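Participant: Just a sequence and a predicted model for now, questions to come.
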Amino acid sequence: MQASPSIKPLRAKPPAPLPLLFAGVACFAIAGLLSIFALHAASGVAQAAGLACSAGYAWRRRSLSAWILVAMVAGIMLGAWFPAQAVSLRVLGSIFLRLIRTIVAPLIFATLVVGIAGHPDLKQVGRMGLKAIVYFEVVTTLALLIGLGAINLTQAGAGVRIPPATEAQQATHIDQMSGSEILLHAFPENIAKSVAENQILQVVVFTVLFAIGLARVREGRREPVLRFCEGLADTMFEFTRVVMYFAPIGVGAAIAYTVGHMGLGVLRDYAKLIATLYGALAVFILGVLLPVALIARVPLRRFLRAVAEPVTIAFGTSSSEAALPTAMEEMEAMGVPRRVVSFVIPAGYSFNLDGSSLYLSLATLFVAQAAGIHLTFSRQLVILFALMLTSKGVAGVSRASLVILMATAGSFGLPSEPIFLLLGIDPLLDMARTAVNVAGNCLATVVVARWEGESLAAPSP
């Protein structure tokens, strides 16, 4: 059976005039200075000029990533200037997410079936899976350690006022899950229900078992199913290309809603915690992901160009699912074989949540600090070990990080009230950790491909 052709890049990206980009950045810098001196009208004019220059750059660049960034800036401005109208734009962001979510399950099913059942050597697939799991565990453990160190350094939770328990509990209800329930959640009881609820891990488990079963069927009956799955995968990639034209509008609307609903004042109220998370994620990127990429001899420029679009989509929508189809397409366009892409990225969405893992250790200690509870270093290590286990395999659970955080807090006698403080700024925190999740999974795909001896030769146009 012949391998499917590699996905071609979405579009040509001609050189763009950098003066437009520099002019846009300069206008926004001037707007910031004017706002410091309370010259709000002049600041608004400078912001509008900066947006116009940025839009001109995106127009000349003809890059979807550039348009998404422009839409994010426009969303922030719209949410700050016209919050009531910005909140009403939530429907556009929801439409984009719904369109993306229709792609995820069939894309994972089709590519994973072809990657496993279409592979002549199932033992090699097993070896690739073992390598991926080892990589996931090492990197996520380092992320947990960095989160633990960052919150101990900044003490961002010290002195935070805790809201009354009754009000917090009335505001939001989050179910706690035991270890056995988390394990049970990985296995589907009804695949149609799993697809409808976008339970990614359950879809992956079903698909892996289906592919193994298909691989055991004699070739004459296996070939039609494989051809159907190849056609389905190619169709879903084309479906993704069509939906991505709506991405700037959907991402901009999501950002506008977030800013309009929460206001920019939340950045000042929780600046220390937000800065701690963003700083820790930067340390993780530079101190872990970058050395890994250098050790694995990943072509950095090509990789950065490939991940720019899925990472900006993930940041703008706070949804890993929204970036999954584009991430798979870009990794294959970079030269990673489809059998690796179709296996590593879906598995990574459940077991390689670098940004979420870092956030969990950071947030758990924030809860203790806000409650005035001193945790010894040995106690922190025990919590770290618990998070190493409980943070795996719950990516499909709604508000998975908060579910795990609530369960961890209850297991170690920490109060739940400080967790509800995080709910108010969770969209801002979620944007960053989701972007790192996507970037980490893309890098894991390339690293496993290099580990498998692939050359990552760029596909011919």
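Facilitator: Done, it's in.
Participant: Could you pull up the residues touching residue 151?
Facilitator: 157, 276, 280, 361, 362, 365, 366, 369 (C-beta atoms under 8 Å, 6 or more residues apart in numbering). For every residue, glycine as well, the C-beta is placed using N, CA and C.
Participant: can you tell me how far it sits from residue 378?
Facilitator: 17 Å (C-beta to C-beta, to the nearest Å).
Participant: One more: residue 32?
Facilitator: 45 Å.
Participant: and the gap between residue 39 and residue 46?
Facilitator: The gap separating residue 39 from residue 46 is 9 Å, by C-beta to C-beta.
Participant: the more surrounded of the two?
Facilitator: Taking neighbours as other C-beta atoms under 10 Å, residue 39 and residue 46 compare with residue 46 leading, 21 against 14.
Participant: Show me which residues of the helix or strand containing that one are buried.
Facilitator: For residue 46, the element it lies in under DSSP states H and E is helix 40-61. Within helix 40-61, the residues scored as buried using 16 or more other C-beta atoms under 10 Å are 43-44, 46-47, 49-51, 53-58, 61.
Participant: Make CSV out of the residues you listed and add distance to residue 246 and pLDDT.
Facilitator: Shown next, in CSV, are those (distance: C-beta to C-beta, whole Å; pLDDT from 0 to 100):
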residue, distance to residue 246, pLDDT
43, 31, 83
44, 28, 84
46, 30, 87
47, 25, 84
49, 27, 88
50, 24, 86
51, 20, 85
53, 24, 86
54, 20, 83
55, 17, 84
56, 22, 85
57, 21, 82
58, 16, 79
61, 19, 75
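Participant: Any chance of JSON lines for these, columns distance to residue 229?
Facilitator: Below are these laid out as JSON lines (distance: C-beta to C-beta, whole Å):
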{"residue": "43", "distance to residue 229": "54"}
{"residue": "44", "distance to residue 229": "53"}
{"residue": "46", "distance to residue 229": "53"}
{"residue": "47", "distance to residue 229": "49"}
{"residue": "49", "distance to residue 229": "51"}
{"residue": "50", "distance to residue 229": "47"}
{"residue": "51", "distance to residue 229": "44"}
{"residue": "53", "distance to residue 229": "46"}
{"residue": "54", "distance to residue 229": "41"}
{"residue": "55", "distance to residue 229": "41"}
{"residue": "56", "distance to residue 229": "43"}
{"residue": "57", "distance to residue 229": "40"}
{"residue": "58", "distance to residue 229": "36"}
{"residue": "61", "distance to residue 229": "36"}
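Participant: From the residues you listed, pick the one nearest residue 27.
Facilitator: The shortest approach to residue 27 among the buried residues of helix 40-61 belongs to residue 50, at 3.2 Å (C-beta to C-beta).
Participant: Distance of the closest one relative to residue 79?
Facilitator: 16 Å.
Participant: got it, and residue 313?
Facilitator: To residue 79, residue 313 is 18 Å away according to C-beta to C-beta.
Participant: more neighbours, these two?
Facilitator: Under the neighbour definition other C-beta under 10 Å, residue 313 and residue 79 were set side by side, and residue 313 has more, 30 against 25.
Participant: Is that one in contact with residue 243, as I believe?
Facilitator: No. Here residue 313 lies out of contact with residue 243, judged by C-beta atoms under 8 Å, at a distance of 10.8 Å.
Participant: and the nearest residue to residue 239 once chain neighbours are set aside, which of the three is it?
Facilitator: Distances taken as C-beta to C-beta, 6 or more residues apart in numbering put residue 103 closest to residue 239, at 5.9 Å, once the chain neighbours are dropped. Here residue 103 is recorded as helix under DSSP: H, G, I helix; E, B strand; the rest coil.
Participant: Around residue 103, count how many other residues there are.
Facilitator: Counted with other C-beta under 10 Å, the neighbours of residue 103 add up to 20.
Participant: Could I get the contacting residues of it?
Facilitator: For residue 103, the contacting residues are 236, 239, 240, 243, 324, 325, by C-beta under 8 Å, 6+ apart.
Participant: what about the host helix or strand of the third one, average pLDDT?
Facilitator: With elements taken from DSSP H and E, the one containing residue 240 is helix 219-244. Mean per-residue pLDDT for helix 219-244: 85.
Participant: Mind listing what's buried along that helix?
Facilitator: In terms of neighbour count (16+ other C-beta under 10 Å), helix 219-244 has its buried residues at 222, 225-226, 229-230, 232-233, 236-237, 239-240, 243-244.
Participant: Which stretches in the stretch 351-461 of the chain count as helices?
Facilitator: If DSSP state H, counting those that start in this stretch is used as the criterion, the helices of the stretch 351-461 of the chain fall at 354-370, 377-390, 400-411, 417-451.
Participant: Okay, now the unreliable bits of the stretch 1-150 of the chain?
Facilitator: In the predicted model of the stretch 1-150 of the chain, residues 1-17, 119-125 satisfy pLDDT under 70.
Participant: What ranges does it have for its helices?
Facilitator: Secondary structure of the stretch 1-150 of the chain, counting by DSSP H, counting those that start in this stretch: helices at 18-36, 40-61, 64-81, 83-87, 90-117, 122-154.
Participant: Give the burial count for residue 80, as a bare number.
Facilitator: 16.
Participant: Could you verify my assumption that it touches residue 261?
Facilitator: No. Checked against C-beta under 8 Å, the pair residue 80 and residue 261 is beyond contact range at 11.8 Å.
Participant: give the contact list for residue 157.
Facilitator: Here residue 157 is in contact with 151, 273, 365, 366, 367, 368, 369, 370, 418 (C-beta under 8 Å, 6+ apart).
Participant: let's see it at 6 Å
Facilitator: Shown in contact with residue 157 (C-beta atoms under 6 Å, 6 or more residues apart in numbering): 366, 369, 370.
Participant: Which residue is the nearest non-sequential neighbour of the first one?
Facilitator: With C-beta to C-beta, 6+ apart as the criterion, residue 366 has its nearest non-adjacent residue at 3.9 Å, and that residue is residue 157.
Participant: re earlier: so which elements touch the helix holding residue 46?
Facilitator: Helix 40-61 is packed against helix 18-36, helix 64-81, with contacts defined by 3 or more C-beta pairs under 6 Å, 6 or more residues apart in numbering; DSSP states H and E.
Participant: sorry, back to before: between the buried residues of helix 40-61, which is nearest residue 301?
Facilitator: Proximity of those to residue 301 (C-beta to C-beta) peaks at residue 61, which lies at 16.5 Å.
Participant: Show me the contact partners of stretch 448-457.
Facilitator: Contacts of stretch 448-457 (C-beta under 6 Å, 6+ apart): 131, 132, 296, 335, 336, 340, 344.
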